[in-house]
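Peer 1: how would this look folded up:
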Amino acid sequence: MKKYNLAFEKQMKKVCGIHTGSPIRINSLKNIKGVSDDLHYHPKGHEFYIILTGKIIIEINSEKIIFSNGDVVQVYPGEIHRVIETLEDSNVIVVRQEFNEDDKIILEKGANYL
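Peer 2: Presented below is the predicted three-dimensional model:
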């Protein structure tokens with residue numbers, strides 16, 4: 001058994017993943033209004049965004065969707081996605097299968113990186 005702490009005091013905190021011996025990577029994100037992400041995809045792993053507070057726009061395969069408190073988004077392997085914009089200060093948990101450290105292919109750098 002291992003215990004982890006989400007602690008939303010940093011902009012991004014890698015809670016667990018390959019570095020801790022876990023096949024699941026969990027990040028806690030404290031997104032400040034205006035923050036965005038790289039356009040990317042994961043060849044093998046599913047990824048889930050759990051929006052605890054706030055409001056963000058996520059682009060998935062060129063479709064832009066607003067997500068807010070309580071929404072859970074599943075992104076399938078190969079789907080091209082990014083956080084386009086953080087509309088309100090937000091606390092988000094990102095959970096992803098992690099097969100290796102290289103399971104994130106960046107296609108375009110974001111302007112205001114997470």
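Peer 1: secondary structure element holding the residue nearest the centre of the chain?
Peer 2: By Cα atoms, centre = their mean, the chain has its centre lying nearest to V94, at 4.2 Å. According to DSSP states H and E, V94 maps onto strand 81-97.
Peer 1: please list the residues outside whichever helix or strand comes after that strand that contact it.
Peer 2: Sequence order places strand 105-108 as the next helix or strand after strand 81-97, per DSSP H and E. For strand 105-108, contacts defined as Cβ atoms under 8 Å, 6 or more residues apart in numbering pick out 38-43, 80. C-beta: built from backbone N, CA, C; applies to glycine.
Peer 1: list the strands paired with strand 105-108, with their directions.
Peer 2: Applying DSSP bridges to the sheet, strand 105-108 is found paired with strand 39-41 (antiparallel).
Peer 1: what score does the residue nearest to V92 when sequence neighbours are not counted have for pLDDT?
Peer 2: Excluding its sequence neighbours, the residue lying closest to V92 (Cβ to Cβ, 6 or more residues apart in numbering) is L29, at 4.4 Å. The model reports L29 with a pLDDT of 81.
Peer 1: all set now, cheers.
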